[in-house]
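In: Here is a sequence together with a model predicted from it:
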Amino acid sequence: MDQPARGQGARYRNRTAVVTGAASGIGAATAERLAQEGAGVVLADVDEPAGKAVAARITGAGGRATFVRADVSAEADWGRVTSAAHRFGPVDLLVANAYTIEVAPVHELTLGSWERQLSVNVTGCFLGFRAVLPDLRERRGATVLTSSVHAHAGIPGHPAYAASKGALLSLCGQLAVEYGPEVRVNAVLPGPVLTAAWDRVPPEERERSIAQTAARRFGTPGEVASAIAFLGSDEASFITGSHLLVDGGWSVVKASA
């Protein structure tokens with residue numbers, strides 16, 4: 001697990017966080033980071049074996065965590081998530097990170113796939129926020145939505161994914177306005193971050209993605225988790241409705257004038 005920076009080890013002491021899509025990648029790294037900083041963390045995901053393994057890793061390291069199998073797009077599942085969270089206490093932070101993706105152009109994409117991607121990626125955030133909103137208002141808590149650079153850039157084969165990630169930026173601003181000052185809402189936009197999603201990408205395509213970053217490398221899930229942990233903390237108390245790029249400069253690199 002990536003270690004928190006010096007002086008940040010107790011930012012989440014006596015606080016409760018819910019992290020969706022927490023069985024792997026950015027979600028798992030975020031759950032581990034928040035637990036390292038003192039939070040009781042509920043990990044929600046449909047991948048039960050992997051999610052339980054992450055929770056066990058956290059508790060084995062002395063942290064507080066529990067796993068709940070939940071489909072974020074299923075309203076009924078959120079009752080189990082909030083019940084699990086309340087064993088630690090009222091929810092102070094929601095990290096809405098769960099997603100699904102199918103790479104296909106519009107003419108090959110089925111209606112079912114389109115609807116499923118929007119249901120998980122957008123509706124899941126709506127349902128999660130609504131479920132924990134009473135706690136967030138009471139605790140003057142925060143929400144961080146995981147969007148993507150796909151919200152700003154057209155990349156072939158990602159119509160539903162891009163639409164859903166763009167929608168999250170609009171939702172971020174709407175929620176920040178609607179529920180401020182009690183609740184802060186921000187979004188992170190990861191770029192090329194090396195997770196299992198890249199397993200299907202050929203090596204030459206990986207190299208091309210790296211070359212299109214100013215950092216000239218992939219990001220790590222832990223680096224995105226650091227940004228999420230900051231936005232959810234009191235250190236970001238005057239930041240709401242914002243969109244933080246975590247992309248190694250991918251969004252500003254251009255190969256021609």
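Out: Arrived safely, thanks for sending.
In: mind listing the helices for the chain?
Out: Per DSSP state H, the chain carries helices over the ranges 25-36, 48-60, 77-85, 111-118, 124-139, 159-179, 203-211, 221-232.
In: Give me the angle between the first one and helix 221-232.
Out: With axes from the mean of the first three to the mean of the last three Cα atoms, to 10 degrees applied, the angle from helix 25-36 to helix 221-232 works out at 60 degrees.
In: quick one, helix 25-36 and helix 48-60 angle?
Out: With the same axes, to 10 degrees applied, the angle from helix 25-36 to helix 48-60 works out at 30 degrees.
In: How about the shortest one?
Out: Calculated by the same axes, to 10 degrees, helix 111-118 forms an angle of 10 degrees with helix 48-60.
In: tell me, how many neighbours does Ser24 end up with?
Out: 18 (other Cβ atoms under 10 Å). C-beta coordinates here come from the backbone N, C-alpha and C atoms, glycine included.
In: Can you tell me how far it is from Thr195?
Out: Applying Cβ to Cβ, to the nearest Å, the value for Ser24 to Thr195 is 7 Å.
In: which one of the helices of the chain is the most hemmed in?
Out: Of all the helices of the chain, helix 25-36 carries the top mean neighbour count, a mean of 28, counting by mean count of other Cβ atoms under 10 Å.
In: re the thing from before, how about the helices of the chain, which one is nearest Ser148?
Out: Comparing the helices of the chain by their distance to Ser148 (Cβ to Cβ), the top pick is helix 159-179, with 4.2 Å.
In: before we move on, back to that, comparing the helices of the chain, which yields the minimum mean pLDDT?
Out: Here the lowest mean pLDDT among the helices of the chain goes to helix 203-211, at a mean of 88.
In: So which elements touch that one?
Out: Contacts defined by 3 or more Cβ pairs under 8 Å, 6 or more residues apart in numbering; DSSP states H and E place helix 203-211 against no helix or strand at all.
In: Dump the C-alpha coordinates for it into CSV.
Out: What follows is helix 203-211 as a C-alpha-only set of coordinates in CSV (Å, rounded to 0.1, in the frame of the first residue of the first chain):
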residue,chain,number,x,y,z
PRO,A,203,2.0,-3.1,-25.5
GLU,A,204,2.4,-0.7,-28.5
GLU,A,205,-0.8,1.1,-27.6
ARG,A,206,0.4,1.4,-24.0
GLU,A,207,3.6,3.0,-25.1
ARG,A,208,1.7,5.4,-27.3
SER,A,209,-0.5,6.4,-24.3
ILE,A,210,2.6,7.0,-22.1
ALA,A,211,4.2,9.1,-24.8
